[in-house]
Each structure stands twice: as C-alpha cells, then as structure tokens.
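> Provided below for reference: sequence and predicted model.
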Amino acid sequence: MSSHIPRKRFGQNFLQDQGVIGAIIAAINPQHGDVLVEIGPGLAALTDPLMRAAGKLHVVEIDRDIVSHLSGKYPPEQLVIHHCDALKFDFGALAREIGHNGVIRLAGNLPYNISTPLLFHLASFGSTISDMHFMLQKEVVDRMVAEPSTADYGRLSVMLQVRFNMEHVLDVPPTAFYPPPKVDSAVVRMMPWPAPPWPANDLVHMEKLVTTAFAQRRKTLRNNLKGIVSDDELLALGIDPGCRAENVTVQQYVALSNFLHAQQR
Ligand SMILES: C[S@@+](CC[C@H](N)C(=O)[O-])C[C@H]1O[C@@H](n2cnc3c(N)ncnc32)[C@H](O)[C@@H]1O
C-alpha cells in the first residue's frame, strides 16, 4: 500500500527500519498461541512479524483505508481487525472473550497525539493485560519511568508506577519512520505488578490526590494540599510538608491516599 498518504491527525509515522522492527519484536518475544492485540497496525510493520510468530493477531485500528487494506491482505483466521478508536475500545471485554484465562498481551507503535489519555485508558484494565510494549515519544517514556526528585517525575510516573513495573527498552531515532516524527521515540515495557509493592486502597482517590499535589509543581506540598491534609498528618506519614510534589515517592502517595481515604469512610 505504498500509495497510502500518512495522515497526521491519526499520528501516522510508519516504521521502516528493519533493525528497529526486529529489536521491538525481540523485546515483545511473541510465542505461538499467545493472545496478542496490537493497537494501530498501520501498514503492518509490526503486525506481520507478530502475526506470523503468534499464529493469530487482533488489531485495533481507526483509519478506514488501513482497515480495508489489511482485510484484503490477511485472512480473518489470522488477523482479526477491530475497526475503532482505541481510546473507546473495551480491552477488558476482549480479554474476557479471547484471553488465556481472561488475559491478553498488548503491543503497538502508538499514535503520539493520544499517548497519555491512551495510557490512562489502558491502565484502567489492570491485570486483564499481562504485558504491554509500546513505542511512544521518548519524552513520555522518560516521564513514565522517572524517579522521584527529578524534573520528569509527575502524575504520569506515579499513577503508572503504582500499577506497573516499567522498563525502558530502547531508543528509536526519527529516521526509523516514514515520515520522520519531529521527536525522538522510545519503547517501554509495562507489566502489572503480580503483587503490588505499595497496594493502594482506591486508585481513583489516589489519582485525584496526585493530580491536586502536582497542580502547581513549584509550590510546596503543604500549599497544594491545603484543606486536605494537615502538616502533622503529613509528618506522621513521614512526609515533609515543605517539600514539593516531585519529592514524594510512590509509596508515600499510596500511604497518604490510603490514610485520607480511610478518614472519608
Ligand atoms: C505511529 S502509527 C504506527 C503504525 C505501524 N504500527 C508502524 O509501526 O508502522 C499509529 C497507528 O495508529 C492508528 N491510530 C491512530 N489513532 C488511533 C486510535 N485512536 N485508535 C486506533 N488506532 C489509531 C493510525 O492510523 C496508525 O495506523
């Protein structure tokens, strides 16, 4: 389908570097019989090798032209195409329907314009997804895996690290794509914690708290959480009220959320 004109509004930057494609497939390590789902197959750079290795592949694609191209190229016994918006797609329902014990594997070179909302959408399906491998802007991957007390550490780092064990897999330069994006890219591996090291009692509560804590990065935690928690309560949890949101560890956010949530009940 060399005639396909890449659509900017769908974040279409197609992988063309065989070395990079091989490295991503090696990182995913697909096995025959794996129940694998790819988001945004595009012109099948990853789809083809994933499908061949697993024997069968499900894909979620929004672009009608790409859907008709793929359905003409691959038989439905090998490639099952879900023509829809990944942001609205119910991956939990698909996992219940096709998963191994209700669990699927996910992969994709994600459209960068929706990467953050898509990550939050996917996080909501929890352990129905056994692992995810995604290509994203490098800047987003840096934020996902960031350690506390660094400029990259924020809401995304905390809310993903509490649910997933994450690993930066490789960096990918713009030249690996057609057309080349303006930014560097990176591949990240995300695995739900089998037993969360810091179990949060209510992730919705924690998300609201973390969003409030990071509302103004340069303000102290005391100021951002005014009226929500006292200095004494923060100190009792081992958190310095005079620090900034970026200095608070995931474990401390969990402890704070669990404490405040228990008080509300
Ligand atoms: C960066 S391209 C990757 C294409 C291909 N996997 C590759 O690596 O060459 C992103 C793909 O996601 C698709 N896409 C964009 N927005 C989408 C959405 N909301 N839901 C599902 N697919 C989407 C695009 O049409 C495109 O095929």
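That came through, no problem.

> assumed residue 222 was part of a helix.
Yes. Under DSSP: H, G, I helix; E, B strand; the rest coil, residue 222 falls within a helix.

> for it, which non-adjacent residue is closest in space?
residue 241 (4.0 Å; Cβ to Cβ, 6 or more residues apart in numbering). For every residue, glycine as well, the C-beta is placed using N, CA and C.

> and for residue 136?
Counting by Cβ to Cβ, 6+ apart, residue 115 is the residue found nearest to residue 136 once chain neighbours are left out, at 5.1 Å.

> repeat that for residue 152.
In space, and not counting its chain neighbours, residue 152 is closest to residue 146: 3.7 Å by Cβ to Cβ, 6+ apart.

> hmm, back to that, can you tell me the SS state at the residue nearest to residue 222?
coil.

> ok, it to the ligand distance?
Remark: distance between residue 241 and the ligand (Cβ to the nearest ligand atom, to the nearest Å) = 41 Å.

> show me what contacts that residue?
With contact taken as Cβ atoms under 8 Å, 6 or more residues apart in numbering, residue 241 is in contact with 220, 221, 222, 231, 234, 235.

> what does the closest residue to the ligand within the stretch 151-265 of the chain show for phi and psi?
Closest contact between the stretch 151-265 of the chain and the ligand, by Cβ to the nearest ligand atom, is at residue 177 (7.2 Å). Backbone geometry at residue 177, expressed as degrees, to the nearest 10, gives phi -120, psi 160.

> count of neighbours near it?
Residues near residue 177, counting by other Cβ atoms under 10 Å, number 21.

> looking at it, residue 81 is touching residue 70, isn't it?
Yes. With contact defined as Cβ atoms under 8 Å, residue 81 counts as touching residue 70 (5.8 Å).

> find the residues that touch each one of the two.
Here residue 81 and residue 70 have 59, 61 as joint contacts, going by Cβ under 8 Å, 6+ apart.

> what distance do you get for the spatially most central residue of the chain to residue 86?
Here the mean C-alpha position of the chain is nearest to the C-alpha of residue 119 (Cα atoms, centre = their mean), at a distance of 3.6 Å. Between residue 119 and residue 86 the computed distance is 11 Å (Cβ to Cβ, to the nearest Å).

> give the contact list for the closest residue to residue 49 other than its chain neighbours.
Take residue 49 and drop its neighbours on the chain: the residue closest to it by Cβ to Cβ, 6+ apart is residue 25, 4.8 Å away. By Cβ under 8 Å, 6+ apart, the contact list for residue 25 reads 46, 49, 50, 53.
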